[in-house]
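Undergrad: here is a sequence with its predicted model. Questions after.
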Amino acid sequence: MTSSTTNTSSITNTSSITKTSSITKMNPDPKFLIGVEGPADRQEPALWFAFRGRDILLKVKKNPTAVPRLQDFGELGLSAVREQYMGTLEGVHCYSVELEEGIEVPEGMEFLDLKQAHAKLSERCFSLVNKAVQVMEWDRVNQFCSRCGTGTLPMVGERGKKCPKCGELFYPRISPAVIVLIKKGKEILLARSPNFPPGLYGLVAGFVEPGESAEAAVVREIREEVGIEVRKISYFGTQAWPFPNSLMIGFTAEYESGEIRPDGVEIEDAGWFSAEKLPVLPGKISISRKLIDYFLQEEGLDK
């Protein structure tokens, strides 16, 4: 992401950003209860979201692909380098677990990177994988105080660590990013990153700069990446996203002026697409796709 001074005068009605009617689709799972301190003794049933690096261990003989349970680890003699309690899903305890880098793949299981897991798992399951990998990485990189080098200690009753020497606090880092569906009459702007699989197009997105509002980031990112101006920015919803530790804030906006000019770095191609002539789209459980599907529903279509 590049940094630039933002002219926020083109943002309309930012004091009363509206929600779209599809916001209920982005609601959290009401059956998952967040927890920080688990039971004194591990109890079944329990799910272990176990990672080797950023690759998650999944049971591949199941259909659909399943997250291993605590008993699977006991039977295979696997142990955790570190673990964090996440909470309960319909009464089932959930743990985020870091495994040794050199661990071999157990029979009937497979390590998948997060993008592969995203394609195979249900939205509900991937949302927990998303949470688990971010908790695991936060735990791993905050073993020692970055200020004085002293080993950190877990805080009581909240997801945090504290240095016993200098008192520095360490909470999980969340990086806010905006993603925008831009409408121009009956068409939407879709863009292609050089890192996308062949043929895939998505929405303009980017990280929020320090001291910047999400609405200002919408205007800046669109201007930087595709060279146009927008108006009527409306809030859509949010989605946690583990690439690497983002909170995607979704918006819709209307085209105002300018010609599309891809920046050639973040975006290699972009254009206006009608509902009847769409390219390959992102996966169904991403907020990018939910924004596009919202547009299709408005047009009376579904892809």
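TA: Nice, thanks for sending it over.
Undergrad: tell me the confidence at the closest residue to residue 199 other than its chain neighbours?
TA: Take residue 199 and drop its neighbours on the chain: the residue closest to it by C-beta to C-beta, 6 or more residues apart in numbering is residue 280, 4.3 Å away. (Each C-beta comes from the backbone N, C-alpha and C, glycine too.) Looking at residue 280, its pLDDT stands at 96.
Undergrad: cool, and residue 64?
TA: 61.
Undergrad: likewise for the one 4 residues further on?
TA: Residue-level confidence at residue 68 comes out at 88, pLDDT.
Undergrad: got it, and the one 4 residues further on?
TA: In the predicted model, residue 72 carries a pLDDT score of 79.
Undergrad: can you tell me the SS state at it?
TA: With DSSP: H, G, I helix; E, B strand; the rest coil as the basis, residue 72 sits in helix.
Undergrad: give me the number of residues near it?
TA: Neighbourhood size, residue 72 [other C-beta atoms under 10 Å]: 19.
Undergrad: now do the same contact list for it.
TA: By C-beta atoms under 8 Å, 6 or more residues apart in numbering, the contact list for residue 72 reads 48, 59, 106, 109.
Undergrad: which non-adjacent residue is nearest the third one?
TA: Pointing back at residue 106 there. Using C-beta to C-beta, 6+ apart, the nearest residue to residue 106 is residue 76, at 4.9 Å.
Undergrad: next, the residue nearest to residue 199: phi, psi?
TA: phi -60, psi 130 (degrees, to the nearest 10).
Undergrad: neighbour-wise, which of the contacts of residue 72 leads?
TA: Highest neighbour count within the contacts of residue 72, by other C-beta under 10 Å: residue 48, with 24 neighbours.
Undergrad: run through who's touching the helix or strand residue 176 falls within.
TA: Using DSSP states H and E, residue 176 sits in strand 175-184. Strand 175-184 has contacts (C-beta under 8 Å, 6+ apart) with 188-189, 203-208, 214, 217-218, 221-222, 228, 230, 233, 236, 241, 244-255, 272, 287-288, 291-292, 294-295.
Undergrad: number of residues surrounding residue 205?
TA: 25.
Undergrad: contacting residues for it?
TA: Each residue near residue 205 by C-beta under 8 Å, 6+ apart is listed here: 177-180, 221, 248, 288.
Undergrad: and it, what element?
TA: strand 204-207.
Undergrad: and that strand, what's buried?
TA: 204-206 (16 or more other C-beta atoms under 10 Å).
Undergrad: elements contacting the helix or strand following it?
TA: Counting by DSSP H and E, the next helix or strand C-terminal to strand 204-207 is helix 214-226. Helix 214-226 sits against strand 175-184, strand 187-192, strand 204-207, strand 229-241, strand 246-257, with contacts defined as 3 or more C-beta pairs under 8 Å, 6 or more residues apart in numbering; DSSP states H and E.
Undergrad: can you put the ones you listed in a markdown table and add mean pLDDT and distance to residue 142?
TA: Converted to a markdown table, those look like this (pLDDT from 0 to 100; distance: least, C-beta to C-beta, whole Å):
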| stretch | mean pLDDT | distance to residue 142 |
| --- | --- | --- |
| strand 175-184 | 98 | 16 |
| strand 187-192 | 98 | 35 |
| strand 204-207 | 97 | 21 |
| strand 229-241 | 96 | 19 |
| strand 246-257 | 97 | 19 |
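Undergrad: so which of those gets nearest residue 86?
TA: Closest to residue 86 of the helices and strands packed on helix 214-226 is strand 229-241 (C-beta to C-beta; 12.9 Å).
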